[in-house]
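[1] my questions concern the predicted model and sequence given below.
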Amino acid sequence: MPQQQTNEKSIIQKLDLDGYIHQFKQFLAREKPVAMMGDINQHHRYIQALSKIEFPSPKQIPNLDRELNLIKKQGVLSLDEIYAFVSMISYFNTLNTLGFSEPLLSWIKGIEIPEEIVEIVGYFTDEGDINPERDPELFKLERAIKQNKIDIKDTLYKLAHSSRLRDYLVDTQVHFNGGEETLLVRGGFNHAVKATVVARSSGGFFYIIPQSISHLKEKESALLSNKEEIIYRYCKEISALFFKWERFLVFINKEYDRFDHYQARVGFARAKEYEFILPSKQKAINLHDFAHPAIENPVPVTINMDKQIMLVTGVNAGGKTMLLKSILSAVYMSKYLLPFKCDVSKTKVGHYKSIEAVIDDPQSVKNDISTFAGRMQEFAKLFHKEDAIVGVDEIELGTDSDEAASLFRVMLDELRKKGITFIVTTHHKRLASLMASDAEVELIAALYDEERRIPTYTFLQGSIGKSYAFETAQRYGVPVAIVNRAKEVYGEDKENLNELIERSTTLEREMRLKIAKVNEELNTIEKQKQKLLDEEHKLQESHRKAIATLENRYNAATKKAREVLKVKESTEGRRLLNVAHQRKEFKQKEVKLEESIPLKEGDKVKYRSHKGELLSLRGKDATIIVDGLKMRVPLSQLKRRGEEPKVKVPQKKKEVKVHVEKSGASVSVKLLGMYADEAIDTVDKFLSDALVNGLSEVQIIHGTGGGVLSKLVGDYLKHHPKIHKYYRMQGNLGITVVEL
């Protein structure tokens, strides 16, 4: 764990996220690692639910691992240490009064605080002291201590205004020195009053305690000593009770940390107007309007990385390293559900097991290692990793670029076979040209403004960028004559190659702008098409209503005509009514909903998350077979899967015979270590097997732990229609006995 925390700290510093992490930790109620243990999808659901409501900030509480260990050893906690636990429990009591929605509601309501612990909470005031009104002896002592302090203050006030001490007083105030009430006097005061010198001021004066209040001080000391005895008695009794509920306190401490993780992220996101991105299973990164938190007034980054290697080339000081750090930072923050600035509707970030950054110059005089040798050491470590994303800045650093290009091409090919994704920056064209034809390599060019002679800090995908070394040197003050001579040495052919590269980049840029314009026009056409379809739908609906109205009027008219004919029969009237029926033609244009087709034997069905086949029907129940196991389940919970079968002519109803086959079902099931959804599905299947096999009594082993699985099982059994009775096994609360 310490090694993992060291690696986390290193990657945070390399990606310039240390300031961001420091700001985030200000929202935590107590210091803890950034990472959260458990299911990240579940964490995201809780954070999203918490983001929708207002809640009070938790109190600052120290780490209580030492105190929990002391409780386990039956030690006695101090009053402050006890109040830390009381504060946590009080906070969860407050959360219970809030209008939470799911999934927060079930979680918070599921934290059941024992009555004995609730009673302890009532012992304390908001300041963390024992409430004297609960204890007559303590109440009497508090009043006596308060009155004694008043007597001390009154005595000192009288002395400070007495004529015999007036000439020696520096002032008439009562000074607190070392927690003691004193008077500040000049030398020679002993001629006027008998007193004890407590301390000496920087001006050479004396802080004294007159002997006339010595007896009051002694009385105060005795009262405080009695109070400490009472407080210690409370601490001893409460610590003994805490020992009894030690497992609950471990649980509540863990849940407090969990909620602290959630509330800190929500508070941080609200304060910064950041967004949460849940990492996806696909190994792809699509950033839209991303802003690295360490950069003030950044140019938003929009980049799409769906290949295993991204090779970034182009202008010096044009943001290549910033792009590398931005991508890795987005992966890091998404991995630990830390919010950041982006367009959340268009941003997607893949999940990677580890994040590596080969950024710094590893050269070390102390260890006698060169830059290139250090880089080789860092790359050698990568061959032992899988499912990682690695950023490499200036990959050919420290050696000949042509040789390095060949070496790194081979290494990158081998490493990506191990599932490693790379973001690589380089000033050299050799590596880019070697890898340009690879379908799994994304080329990115950092763009440069030729007219203003400055980088734009924007990027073009699918191109190789020119480095603009000469322009950069001139921009930073190198004489023009020196730059021109360097161009001559560089050679006309290579300069022409760079110009071709730049021209290609420009054409690519223009082409993409035109494509973007065409896409925008297509979007406009699609919107118009959708608008026309909506209008057509409205007209069809209006037409349907008009036909329905006419049909209703016709039916009403013919009904009235039949009533008239009943009163006075007329052959001509009957003939005209028949003609009217023959001429009635209504054409319904809307699509009628197909009538639901009832399930029958042999249909492929789905029961919850299980796929099976319908064997037989009996009233409102059905017998199905799932993975070779027959189960009787409510018919209403079955769904047809696959294509709807065609309606056939109903045949003579066959006699339904139900055969229950016993398959030796187990009488117990273990849920230890399972998550909530997995546990409930396991219990459901277990009870179905038991019912099918005619078992009358089974056991569910969920353990005691924090009590979460126990409560989930209880809630599920409470609403199961086939459960006759259930109860905890005596002597082992980790097992629930179920009578079927």
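    Cool, the structure landed. These figures come from a predicted structure and were not determined experimentally. Numbers count the residues shown, from 1 in each chain.
[2] any idea how far I285 is from H22?
    Distance of H22 to I285, computed by Cβ to Cβ, to the nearest Å: 25 Å. C-betas here are computed from N, CA, C, even on glycine.
[3] go on, I71?
    According to Cβ to Cβ, I71 stands 47 Å off from I285.
[4] hang on, I238 in a strand?
    No: per DSSP: H, G, I helix; E, B strand; the rest coil, I238 lies outside any strand segment and is helix.
[5] and the closest residue in space to it that isn't next to it in sequence, how many residues sit next to it?
    Once flanking residues are discounted, I238 sits nearest to I82: 5.4 Å by Cβ to Cβ, 6 or more residues apart in numbering. I82 has 24 neighbours, counted by other Cβ atoms under 10 Å.
[6] could you do H543 as well?
    14.
[7] against A556, how distant is it?
    21 Å.
[8] kindly report the same for N93.
    65 Å.
[9] and G314, by the same measure?
    79 Å.
[10] what's the answer for A373, then?
    97 Å.
[11] remind me which residues of the stretch 401-550 of the chain are low pLDDT?
    By pLDDT under 70, the low-scoring segments of the stretch 401-550 of the chain are 401-402, 428-430, 432-434, 436-437, 448-457, 460-478, 480, 483-484, 486-510, 512.
[12] between G314 and A556, which has more neighbouring residues?
    Counted by other Cβ under 10 Å, G314 and A556 do not tie: G314 has more neighbours, with 29 against 10.
[13] in the sheet, who's paired with the more buried one?
    As for beta bridges, G314 partners with A446 under DSSP bridges.
[14] that one contacts T458, correct?
    No: look at G314 against T458 with Cβ atoms under 8 Å: they stay out of range, at 10.3 Å.
[15] joint contacts of the two?
    Common neighbours of G314 and T458 (criterion: Cβ atoms under 8 Å, 6 or more residues apart in numbering): A446, L447.
[16] who's more crowded, H22 and I285?
    Higher neighbour count among H22 and I285: I285, with 26 against 10, using other Cβ under 10 Å.
[17] which non-adjacent residue is nearest the more buried one?
    Using Cβ to Cβ, 6+ apart, the nearest residue to I285 is M305, at 4.3 Å.
[18] same question for F55.
    L98 (6.0 Å).
[19] tell me the contacts of K146?
    Counted by Cβ under 8 Å, 6+ apart, K146 has zero contacts.
[20] can you tell me how far it is from L79?
    19 Å.
[21] for I680, same thing?
    43 Å.
[22] using the three-state scheme, assign Y727.
    Relying on three-state DSSP, one would call Y727 strand.
[23] correct me if wrong: it contacts I735.
    No: with contact defined as Cβ under 8 Å, Y727 does not count as touching I735 (10.0 Å).
[24] of the two, who's got more company?
    Neighbour totals were compared for Y727 and I735, and I735 leads with 18 against 9 (other Cβ under 10 Å).
[25] so what's that one closest to, chain neighbours aside?
    M729 (4.2 Å).
[26] can you tell me how far that neighbour is from I11?
    49 Å.
[27] compare these two (neighbour count), which wins?
    Set M729 next to I11 and count neighbours by other Cβ under 10 Å: I11 wins out with 19 against 13.
[28] might you report the residue contacts of that one?
    Neighbours of I11 in contact, by Cβ under 8 Å, 6+ apart: L328, Y332, I355, E356, A357.
[29] if I've got this straight, S326 is in a helix?
    Yes: the assignment for S326 is a helix, going by three-state DSSP.
[30] what's near enough to touch E613?
    By Cβ under 8 Å, 6+ apart, the neighbours of E613 are G602, D603, K604, V605, I624, I625.
[31] just the buried residues out of these, in PyMOL syntax.
    Here is the PyMOL command that selects the buried residues among the contacts of E613 (16 or more other Cβ atoms under 10 Å):
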select buried, resi 603+605+624
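[32] any chance of the contacts of E613 in JSON lines, with distance to N519 and pLDDT too?
    Below are those laid out as JSON lines (distance: Cβ to Cβ, whole Å; pLDDT from 0 to 100):
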{"residue": "G602", "distance to N519": "50", "pLDDT": "85"}
{"residue": "D603", "distance to N519": "46", "pLDDT": "87"}
{"residue": "K604", "distance to N519": "42", "pLDDT": "88"}
{"residue": "V605", "distance to N519": "44", "pLDDT": "87"}
{"residue": "I624", "distance to N519": "49", "pLDDT": "87"}
{"residue": "I625", "distance to N519": "51", "pLDDT": "86"}
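[33] in strands, which of the contacts of E613 appear?
    Counting by DSSP state E, these place K604, V605, I624, I625 in strands.
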